[in-house]
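Enquirer: here you go, sequence then predicted model.
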Amino acid sequence: MHGIHLINAMKNDFTNFRNSIDSFHDIWYTEALDLAEKVEVEERKPRTVGRQTTGSNPPYRSISEYHKRTITITLVDHINSALQHRFDTDSVNVYKGLSVVPTKMMSLKEKGQDWRDDFRVVTNFYVDDLPYPLALDAELSLWTTYWETYQGLLPDNIATTLKAVSFDGFENIKVILRILATLPITSCECERTISALRTLKSYQRSTMVEERLNDLALKQIHQEIIPDIEKIIDTFAVGNTRLKFT
């Protein structure tokens with residue numbers, strides 16, 4: 001949730017830069033001149049020709065204006081476009097469903113914000129996946145009361161929240177929580193998987209079955225999880241068909 005807020009703030013910041021590009025360029029250009037002076041670089045621009053085919057040749061009245069049109073505006077527009085494409089509205093709005101996590105829900109309530117508005121953005125997007133969409137409003141009301149009177153430490157992530165409500169009930173909310181738990185934040189997990197497969201799926205292991213490959217990949221990717229050695233030995237002793245251990 002804090003990351004979503006930071007992304008929105010950064011997008012608004014670059015929109016503000018573009019709307020007030022003249023004043024921001026003057027500040028940045030002054031800083032650039034100070035740095036150039038320290039390394040003995042003179043203020044200049046590329047040579048202007050009558051017909052420019054390989055570079056920028058915009059009209060200008062000063063060297064500063066030339067750099068503003070060729071570098072500053074171009075760079076700000078590129079970053080702004082990249083942010084809008086990478087963090088489009090639908091992708092960012094989906095993560096508003098994290099407001100249902102009890103600690104975040106209570107934090108929003110203390111600030112006087114209605115967390116249910118953020119959560120409904122997600123439920124509207126995944127309405128076809130909800131088992132009982134007509135009961136959603138009643139679930140949200142009961143969800144608030146349940147955690148306000150909850151005895152114990154409030155869950156602060158999706159996994160602990162799902163474990164805390166493992167009983168029957170809150171079926172719509174639990175579906176949304178499972179969806180949010182499986183949505184990747186970035187492509188890092190995919191990249192880690194590809195990197196792990198390069199070392200696991202070698203020519204010497206070309207006949208490895210899928211189940212073994214998946215198990216080895218999980219161990220390679222999640223090295224922070226330490227398995228129970230004794231349990232592994234017992235499983236191997238019972239499940240091995242060639243060697244009978246007693």
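Expert: Perfect, thanks for sending it.

Enquirer: I'd like the next helix or strand past the worst-scoring helix or strand of the chain on mean pLDDT.
Expert: Lowest by mean pLDDT, DSSP states H and E among the helices and strands of the chain is helix 89-94, with a mean of 72. Counting by DSSP states H and E, the next helix or strand C-terminal to helix 89-94 is helix 102-110.

Enquirer: now do the buried residues in that next one.
Expert: When burial is assessed from 16 or more other Cβ atoms under 10 Å, helix 102-110 yields the following buried residues: P102, T103, K104, M105, M106, L108. All C-beta atoms are positioned from the backbone trio N, CA, C, and that covers glycine.

Enquirer: so who does the closest residue to P155 other than its chain neighbours touch?
Expert: The shortest distance from P155 to any non-neighbouring residue, by Cβ to Cβ, 6 or more residues apart in numbering, is to T161 (4.2 Å). By Cβ atoms under 8 Å, 6 or more residues apart in numbering, the residues touching T161 are V100, V101, P102, P155, L177.

Enquirer: which one among the residues you listed gets closest to D34?
Expert: Among the contacts of T161, V101 lies closest to D34 (Cβ to Cβ), at 46.9 Å.

Enquirer: leaving out chain neighbours, which residue sits closest to the closest one?
Expert: Per Cβ to Cβ, 6+ apart, closest to V101 is T161, 5.6 Å.

Enquirer: how about that neighbour, phi and psi?
Expert: Taking degrees, to the nearest 10, you get phi -70, psi -40 for the backbone angles of T161.

Enquirer: could you do Y126 as well?
Expert: For Y126, the backbone dihedrals (degrees, to the nearest 10) come out as phi -110, psi 30.

Enquirer: that one touches I179, doesn't it?
Expert: Yes - between Y126 and I179 there is a contact under Cβ atoms under 8 Å: 6.0 Å.

Enquirer: picking that back up, model confidence for the residue nearest to P155, exactly?
Expert: Among the per-residue scores, T161 shows a pLDDT of 91.

Enquirer: same check on G50?
Expert: pLDDT, read off for G50, is 65.

Enquirer: Q223: which of the contacts of T161 is nearest?
Expert: Taking the contacts of T161 together and measuring to Q223 by Cβ to Cβ, the closest member is P155, at 26.2 Å.

Enquirer: for stretch 2-14, buried residues please.
Expert: With burial defined by 16+ other Cβ under 10 Å, the residues of stretch 2-14 counted as buried are I4, I7, K11, F14.

Enquirer: distance check, the last one against I7.
Expert: In this case it means F14. For F14, the distance to I7 equals 11 Å [Cβ to Cβ, to the nearest Å].

Enquirer: need the overlap of contacts for those two.
Expert: In terms of Cβ under 8 Å, 6+ apart, F14 and I7 are both contacted by the residues L83.

Enquirer: now the residue nearest to P58 when sequence neighbours are not counted. Its backbone dihedrals?
Expert: Computed as Cβ to Cβ, 6+ apart, the closest residue to P58 that is not its neighbour in sequence is R69, at 4.5 Å. Taking degrees, to the nearest 10, you get phi -80, psi -30 for the backbone angles of R69.
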